[in-house]
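K.L.:
Build me a model from this:
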Amino acid sequence: MLESDFFQEVEHTPVTWDSFDVHVPLFYRDIEMMSITLMAPLDALRAALPSKRLYPYKLTPWHGAVSLTTYAYKDCDIGPYNEVGISIPVTLDKPTPVFTGIVRRPPAITKGFVTHLPVTTEVARKLGVDLAGYPKIIADIQCKDEGEWLTCTWKSDGRLVLSVRGRKLSGKKVPRSLFHPMTFRDGYLLRSELVMSACQAGVSSRAADVSITLGDHTLAEELRSLKWGRTLNYVYCPSRQASLMPVSESYKA
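P.N.:
From the prediction side, this is the model:
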């Protein structure tokens, strides 16, 4: 069930950027998504971060996390498009205690440094790069309904980068969430803000409910360098809303 009043009374200001007419914040009215949290070695995660001010969550003394999310934006201000997001949950300037996200509660608002963000339309790519420094590239991303399963495949230059296959689990109520995407541009860390609506979502920690395949593209090798392993959590959401603000803060890296 979508929240009927999620966008109510939110100022939706029209602006022109380059040759595009858009609104701020950007409204996403219908999103189908799969989100996977994976365990990964801290040394591999630190190597992927552009600043020592960023600290990966310490799930164990040796491990942090990688978040992999597929998005099918079926209705939004800049038209429908698909996207794959890879990010590393982080804190700024202060490391988390050991076992954050396992025994200890993670921060109420998750910050995630975005390492990869391929999209399927030029307007989504250009706005993301120009307005917030997102590492967006144009790619072939196909999300296919297979009955009890949803498959999302990312290809670049005709070669497979990543394929995700997730079970369309029955849902339970998931509350609204606030996420701070973080990017890097010209020596600065940039923080944006994404609000996601409450929704019905299927949640599982069973490896049998989701599978990930990496291809032979050089981008797949970049993902392999994160050395992710065990699936900690899988979430399938058939329909959700979101509101995305541009950069709210910057920090010298």
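
K.L.:
so who does residue 204 touch?
P.N.:
167, 169, 210, 233-235 (CB atoms under 8 Å, 6 or more residues apart in numbering). (C-beta placed from N, C-alpha, C; glycine too.)

K.L.:
Can you tell me which of the residues you listed comes closest to residue 130?
P.N.:
Residue 130 lies nearest to residue 235 out of these, by CB to CB, at 30.1 Å.

K.L.:
and the closest one, bridged to which residues?
P.N.:
residue 35, residue 203 (DSSP bridges).

K.L.:
tell me which residues in the helix or strand where residue 71 lies are buried?
P.N.:
Assigned by DSSP states H and E, residue 71 belongs to strand 63-76. The neighbour-count check on strand 63-76 (16 or more other CB atoms under 10 Å) flags 63-73, 76 as buried.

K.L.:
which pair in those spans the largest distance?
P.N.:
63 and 76 (34.7 Å).

K.L.:
so what secondary structure elements neighbour the strand holding residue 71?
P.N.:
strand 26-41, helix 42-48, strand 81-92, strand 140-146, strand 159-167 (3 or more CB pairs under 8 Å, 6 or more residues apart in numbering; DSSP states H and E).

K.L.:
Pull up the pairing partners for that strand, direction included.
P.N.:
In its sheet, and by DSSP bridges, strand 63-76 pairs with strand 26-41 (antiparallel), strand 81-92 (antiparallel).

K.L.:
the inter-axis angle of the first one versus strand 140-146?
P.N.:
The directions of strand 26-41 and strand 140-146 differ by 90 degrees, with axes from the mean of the first three to the mean of the last three CA atoms, to 10 degrees as the criterion.

K.L.:
Need the winner for burial among the helices and strands packed on strand 63-76.
P.N.:
strand 81-92 (a mean of 22; mean count of other CB atoms under 10 Å).

K.L.:
Centre of the chain to that one, how far?
P.N.:
3 Å (CA atoms, centre = their mean, to the nearest Å).

K.L.:
Compute the inter-axis angle for it and strand 159-167.
P.N.:
Going by the same axes, to 10 degrees, strand 81-92 makes 80 degrees with strand 159-167.

K.L.:
Can I get the buried ones among the contacts of residue 204 as something I can paste into PyMOL?
P.N.:
Those of the contacts of residue 204 that count as buried under 16+ other CB under 10 Å are selected in PyMOL with:
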select buried, resi 167+169+210+234+235
